[in-house]
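> everything below, folded, please.
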Amino acid sequence: MKRIFFVEDDLSLINGLTFAVRKQGYEIDVARTSLEAKRLWADGKYDLVILDVSLPDGSGFDICTKIRQTSKVPIMFLTAADEETDIIMGLDIGADDYITKPFKLAVFLSRINALLRRSDNFSRTDQELSSNGIMQSEAGANDSAAIKEFTDLSEQELDRIETLVQNLLKITKFDAGSVVMEKRTENIFEMMEDVKKHFAFRAEQEGKEIVLSGWGCHSPNP
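Below is the predicted model of the structure:
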């Protein structure tokens, strides 16, 4: 069962959201202060962290920064801090989502589900990227990139996939037909979407079916 770590000091909000999250089939642990959050985080293993920004004894930003030093667990901010600078800071220090109060419960739960699905895709011991059995890439927990065999990709595409597996992307470029796209990102999920779009383009141009594990990318045969 998935475990969620919720850091929030508003008791009424805690009661409502813990009830809703448990109805989704998830376990949830709650901390109401920064000190309690640090203790629970050290003792537990979680699949998602939800943080408020303003806490009685500190800031959710500090907790996020501390977690990112040792973990890639998905982090969501759920907070009344709705200034543009707050949102930018939260995302820049490592959060995967930022929801401002007031919010719709159904949207909140959908975003939780989405982050947990993405977490599943990237926590697998082996990741495989294949195109009709002609291409395969694996990355183990202690192996940043082990490219076994590529027979139908350009050198440029190989470089991009290797960077993806290593999860160290700073600036990427790839040629989509006659257009060279450049993107700066630290977000592995955005990077994966770029790869998916690129292979969808190739599939359409070549009349092939290309499957990208975790998302799925298909093009009808001519």
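> next, count neighbours for the closest residue to T79 other than its chain neighbours.
The spatial neighbour of T79 that comes closest, neighbours along the chain excluded (Cβ to Cβ, 6 or more residues apart in numbering), is V53 at 4.2 Å. All C-beta spots, glycine's among them, are computed from the backbone N, C-alpha and C. Using other Cβ atoms under 10 Å, V53 is surrounded by 22 other residues.
> just the one 10 residues further on next, same as before
Residue neighbour count, defined by other Cβ under 10 Å, stands at 23 for I63.
> do the same with E84
For E84, using other Cβ under 10 Å, the count is 7.
> ditto for the one 10 residues further on
Residue neighbour count, defined by other Cβ under 10 Å, stands at 19 for G94.
> next one: the one 10 residues further on
Other residues lying near K104 total 9 when counted by other Cβ under 10 Å.
> please determine how far it is located from R117.
20 Å (Cβ to Cβ, to the nearest Å).
> which residues does V49 contact?
The contact partners of V49, by Cβ atoms under 8 Å, 6 or more residues apart in numbering, come to 4-5, 7, 64, 67, 73-76.
> again but with A37, I slipped
Shown in contact with A37 (Cβ under 8 Å, 6+ apart): 5, 7, 31, 55, 63.
> what's the answer for P74, then?
By Cβ under 8 Å, 6+ apart, the contact list for P74 reads 47-49, 96-97, 115-116, 118-119.
> among those, which one sits closest to E83?
Closest approach to E83 among those (Cβ to Cβ): D97, at 16.9 Å.
> write down the beta-bridge partners of that closest one, one by one.
With DSSP bridges as the criterion, D97 is bridged to M76.
> quick one, domains of the protein?
3-123, 129-212 (automatic domain parsing).
> return the set of buried residues in the helix or strand where I67 lies.
Assigned by DSSP states H and E, I67 belongs to helix 60-68. In terms of neighbour count (16 or more other Cβ atoms under 10 Å), helix 60-68 has its buried residues at 60-64, 67.
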